[in-house]
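[1] sequence plus the predicted model coming up.
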Amino acid sequence: MSLPVTLFPLPGGPEMLQKTFREKVTDTLSSLQSGKTFSFLSPVIIFLVLLATIFLVNQQIHYQQYAAASGSIDYYVSPSGNDSNPGTQAAPFATIEKADSVATPGTTLHVAPGTYTMNGTYTTH
């Protein structure tokens with residue numbers, strides 16, 4: 001028993017099968033230049049940029065909250081300061097060692113330009 005077979009013409013005709021690689025590349029470039037591909041990619045790119053922006057803003061907010069929760073303190077050091085000072089901008093410490101001895105995680109040390117003499121070995125963390 002034989003089944004009836006119906007043949008449908010190929011879209012674009014048999015010449016579509018005859019296209020060379022060069023013609024296929026040319027057609028692809030033409031579609032890019034016409035904006036068909038970019039009309040699809042534009043919303044995708046905008047979405048990815050928006051997603052990255054949201055992520056970075058979220059990270060900045062978490063960092064600021066961590067710094068505030070950890071009681072971040074600013075200490076100032078200046079060659080003209082004094083280690084008996086409180087380490088404020090108006091009354092800075094004289095040595096980096098003094099600032100390091102009072103610093104805790106999250107502390108920012110502002111070191112003014114100048115020459116500092118350090119005793120022994122100094123290791124930063």
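    Everything's here; your move.

[2] could you report the neighbour count for residue 75?
    Residue 75 has 22 neighbours, counted by other C-beta atoms under 10 Å. Glycine gets a C-beta too; all of them are placed from N, C-alpha and C.

[3] from residue 50, how far out is it?
    In this view, residue 75 and residue 50 are 39 Å apart by C-beta to C-beta, to the nearest Å.

[4] what do you get for residue 93?
    From residue 93 to residue 50 the distance is 45 Å (C-beta to C-beta).

[5] could you list the domains of the chain?
    Domain assignment for the chain, taken from automatic domain parsing, gives 21-69, 74-111.

[6] where among those is the average confidence lowest?
    Note on those: lowest mean pLDDT is at domain 21-69, with a mean of 75.

[7] what about the helices in the chain?
    Assigned by DSSP state H, the helices in the chain fall at 21-33, 36-69, 96-102.

[8] can I get those in TSV with distance to residue 82 and mean neighbour count?
    Shown next, in TSV, are those (distance: least, C-beta to C-beta, whole Å; neighbours: other C-beta atoms under 10 Å):
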stretch	distance to residue 82	mean neighbour count
helix 21-33	68	11
helix 36-69	28	10
helix 96-102	9	16
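
[9] can I get those helices in CSV including distance to residue 113?
    Formatted as CSV, the helices of the chain follow (distance: least, C-beta to C-beta, whole Å):
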stretch, distance to residue 113
helix 21-33, 54
helix 36-69, 25
helix 96-102, 13
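
[10] could you point out which of the ones you listed sits nearest residue 109?
    Nearest to residue 109 among the helices of the chain is helix 96-102; the distance by C-beta to C-beta comes to 4.9 Å.
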